[in-house]
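In: Here is my input; please provide its structure:
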Amino acid sequence: MNKASFLGLLFTFCLINSEIKSQPVSNNNQPNFVLIFIDDMGYGDAGCYGATGYTTPNIDKLAAAGMRFTNFYSAQPVCSASRAALLTGCYPNRIGISGALFPNAKVGINPAETTIAEMLKQKGYATAIFGKWHLGDAKEFLPLQHGFDEYCGLPYSNDMWPMDDLGKPAGKEFRRYGLPPLPLIEGNEPLEYITNLESQDKLTTLYTEKAVSFINRNAQKPFFLYLPHTMGHVPLGVSDKFRGKSEYGKYGDVMMEIDWSVGEIVKALKANNLLENTVIIFTSDNGPWMNYGDHAGSNGGMREGKGTNWEGGQRVPFIVAWLGKIPAGTICNRLGCNIDVLPSFAEIAGTKLPENKIDGVSLAELWKGNVEAKPRTELWYYYGKNNLNGVRKDNWKLVLPHAWDGYDTIPGNGGDGGPRVRVKTVKPELYNLMRDPGEQFNVASYNPEKVAELMKVAEKARAELGDLNVGIEKGTGTREVGKLNK
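Out: The predicted structure follows:
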């Protein structure tokens, strides 16, 4: 080889080596997890679940790239309980969390419980939450004390402030009268206070920008990003980018901005060459708050909504995507619940499950496309302090005698909440959800053997977790809620 050829070959090698070094080289051999959690988004509020009046192209692309569940549930149809379930893998009444915790609550998530963030930190994951927490607002209950490295967001719901539904100072007759100002917290301290409706318009964009920054800063190591959006909980807030863009009205505008947020997250992952190594989940905490009318979402034809154990209150959208690992464009009709997210992440990341008993099961086999897998066959429908209002086994649902606040009346309008009506069932009712997802036809009299079979499931639930409907305050497996030391 002559000198010119050698120098040419050396130049080419140096150029190629330089190009390789200029590419992002990740030391991240563990899969990343992105968990997007929407507030009060109904089963019918994404395009791929039948939404009309607006489009959700980024959510729909996520579904097309992964798996869309049609029988997925929140563990309870209300804020704090659902979030406790998601992060701990437990029915929330097992760990003492019920309802929606208010400002200055004396209780919160117990430090003895293991969150997804704490579980993944054992494997060296960076962890962050940007959005709504709602598991206690005292410092010892906030995210940084429960496995998260970073936090920016609201400690509870955005309507828990001294304002009425229309953003005016609440009078003594209004349920929010006397509440403290609404803090936007960063770390453990208030960054600022949300004082009017306009100051809520920035929240979706703020959380998204924080999430993108976290991805960019942690591209070289495994991370868990939890993005529990404040929206579409009332009062609705939307940025100028999307205000007035949908036919549906302000709620549709909010959904379009949430869809934009999903797109920004995917773009950040793609820019960092992380799409093939990241599990992305998109789901909701419970069904729509339907008495808010045009400021609420759609239950997709299910019965009732948020705050009820009917399908409209607990059946939620659930999409999971993992490029090259989850078969693209698949639909899963198997039963799943948000308590199943933690054990699914544990199996994928190779982490140990929490020492305390959990209720979730891993859905990883389903996510891999194993259509024969059936990890979950039962679901227990609890609500209130500890009321067992129904059970499901396979496609059969037994609704137990109970009372609830229903939506069968004229809703509110323009952000002003309308009334609800008190309703109750006095006998067990049986529904075949395969034929009747709207729960319109009680077939208990036709199927006494199924009623008996599901009553055994109910008795098992009562023994384990209790049921105040029949006077059992606690079961053998319940644990204490976290309490302030002061």
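In: Next up, identify which helix or strand the residue lying closest to residue 390 once chain neighbours are set aside is on.
Out: In this structure, residue 390 finds its nearest non-sequential neighbour in residue 381, 3.8 Å apart by C-beta to C-beta, 6 or more residues apart in numbering. Every C-beta, even on glycine, is put in place using the N, C-alpha and C of the backbone. Using DSSP states H and E, residue 381 sits in strand 378-383.
In: Direction included, what does that strand pair up with?
Out: Sheet pairing of strand 378-383 (DSSP bridges) gives strand 387-393 (antiparallel).
In: model confidence over the following helix or strand past the strand it pairs with, on average?
Out: Sequence order places strand 396-399 as the next helix or strand after strand 387-393, per DSSP H and E. Mean pLDDT, strand 396-399: 98.
In: what does strand 396-399 contact?
Out: Residues from elsewhere that reach strand 396-399 (C-beta atoms under 8 Å, 6 or more residues apart in numbering): 309-310, 389-392, 425, 428-433, 439, 447, 450-451, 453-455, 457-458.
In: please redo it, this time with the cut-off set to 7 Å
Out: 389-391, 425, 428-433, 450-451, 454-455, 458 (C-beta atoms under 7 Å, 6 or more residues apart in numbering).
In: Show me what that strand pairs with in its sheet, parallel or antiparallel.
Out: strand 387-393 (antiparallel), strand 429-432 (antiparallel).
In: picking that back up, could you measure the residue nearest to residue 390 against residue 401, distance?
Out: Taking C-beta to C-beta, to the nearest Å as the measure, residue 381 and residue 401 are separated by 13 Å.
In: cool, residue 236 as well?
Out: 36 Å.
In: List the buried residues in the strand holding residue 381.
Out: 379-383 (16 or more other C-beta atoms under 10 Å).
In: Find out how far that strand is from the centre of the chain, if you would.
Out: Distance of strand 378-383 from its chain centroid, counting by C-alpha atoms, centre = their mean, to the nearest Å, is 17 Å.
In: Then stretch 345-359?
Out: 19 Å.
In: what's the span of that stretch, first residue to last?
Out: 14 Å (C-alpha to C-alpha, to the nearest Å).
In: for that stretch, which positions count as buried?
Out: Buried residues in stretch 345-359 (16+ other C-beta under 10 Å): 345-346, 348-349, 351, 353-354, 356, 358-359.
In: which one among these gets closest to residue 154?
Out: For the buried residues of stretch 345-359, the closest approach to residue 154 (C-beta to C-beta) belongs to residue 345, at 24.5 Å.
In: just checking, next helix/strand downstream of the host helix or strand of residue 253?
Out: Using DSSP H and E, residue 253 sits in helix 250-271. From helix 250-271 onward toward the C-terminus, using DSSP H and E, the following helix or strand is strand 278-284.
In: Quickly run through the sheet partners of that following strand, with directions.
Out: Strand 278-284 is paired, per DSSP bridges, with strand 32-38 (parallel), strand 318-321 (antiparallel).
In: so can I have TSV of those strands showing mean pLDDT?
Out: Compiled in TSV, the strands paired with strand 278-284 are given as follows (pLDDT from 0 to 100):
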stretch	mean pLDDT
strand 32-38	99
strand 318-321	98
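In: For my notes, please list the ones you listed in TSV and give distance to residue 298 for each entry.
Out: Listed next are those as TSV, based on distance: least, C-beta to C-beta, whole Å:
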stretch	distance to residue 298
strand 32-38	13
strand 318-321	16
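In: okay if I get the ones you listed as JSON lines plus distance to residue 282 and mean neighbour count?
Out: Converted to JSON lines, those look like this (distance: least, C-beta to C-beta, whole Å; neighbours: other C-beta atoms under 10 Å):
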{"stretch": "strand 32-38", "distance to residue 282": "5", "mean neighbour count": "25"}
{"stretch": "strand 318-321", "distance to residue 282": "4", "mean neighbour count": "26"}
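In: so which of the ones you listed comes closest to residue 240?
Out: Nearest of those (C-beta to C-beta): strand 32-38, 21.0 Å.
In: From the rest of the structure, what touches that closest one?
Out: 86, 222-229, 232, 258, 262, 265, 274, 277-285, 345.
In: Can you check the distance spanned by stretch 365-372, start to finish?
Out: Using C-alpha to C-alpha, the two ends of stretch 365-372 sit 9 Å apart.
In: Show me the domain layout of this structure.
Out: 32-372, 380-483 (automatic domain parsing).
In: Return the most buried member of those.
Out: Stretch with highest mean neighbour count among the domains of the chain: domain 32-372 (a mean of 21; mean count of other C-beta atoms under 10 Å).
In: how much space between the closest residue to residue 455 other than its chain neighbours and residue 247?
Out: Leaving aside its sequence neighbours, residue 455 sits nearest to residue 398 (C-beta to C-beta, 6+ apart; 6.9 Å). Distance of residue 398 to residue 247, computed by C-beta to C-beta: 40 Å.
In: Residue 326 too?
Out: For residue 326, the distance to residue 247 - C-beta to C-beta - is 32 Å.
In: what do you get for residue 221?
Out: From residue 221 over to residue 247 (counting by C-beta to C-beta), the distance is 43 Å.
In: again with residue 166
Out: Residue 166 is 23 Å from residue 247, by C-beta to C-beta.
In: give me phi/psi at residue 335?
Out: Residue 335 adopts backbone torsions of phi -80, psi 140, taken as degrees, to the nearest 10.
In: What's opposite it in the beta bridge?
Out: residue 71.
In: C-terminal to the helix or strand containing residue 84, what's the next element?
Out: Per DSSP H and E: residue 84 is located in helix 79-88. Later in the chain than helix 79-88, the nearest helix or strand by DSSP H and E is strand 107-108.
In: Adjacent strands (with direction) for that following strand?
Out: Short version: by DSSP bridges, strand 107-108 pairs with strand 482-483 (antiparallel).
In: Which residue lies closest in space to residue 197, excluding its sequence neighbours?
Out: That would be residue 167: by C-beta to C-beta, 6+ apart, it lies 3.9 Å from residue 197.
In: Tell me where the model's unsure across the stretch 301-450 of the chain.
Out: Of all residues in the stretch 301-450 of the chain, none has pLDDT under 70.
In: mind listing the helices for it?
Out: For the stretch 301-450 of the chain, helices defined by DSSP state H, counting those that start in this stretch occupy the ranges 311-314, 341-349, 364-367, 448-465.
In: Reformat these as CSV; add distance to residue 176.
Out: Formatted as CSV, the helices of the stretch 301-450 of the chain follow (distance: least, C-beta to C-beta, whole Å):
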stretch, distance to residue 176
helix 311-314, 23
helix 341-349, 31
helix 364-367, 41
helix 448-465, 31
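In: mind checking which of those helices is nearest residue 112?
Out: Here helix 341-349 is closest among the helices of the stretch 301-450 of the chain (C-beta to C-beta), at 15.4 Å.
In: packing partners for the closest one?
Out: Here helix 341-349 is seen to pack against helix 116-121, helix 364-367 when contacts are counted using 3 or more C-beta pairs under 7 Å, 6 or more residues apart in numbering; DSSP states H and E.
In: Output the ones you listed as CSV; include the columns distance to residue 181.
Out: Listed next are the helices and strands packed on helix 341-349 as CSV, based on distance: least, C-beta to C-beta, whole Å:
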stretch, distance to residue 181
helix 116-121, 28
helix 364-367, 42
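In: Can you check which of those helices gets nearest to residue 199?
Out: It's helix 116-121; of those, that one is closest to residue 199 (C-beta to C-beta) at 28.0 Å.
In: No further questions, thank you.
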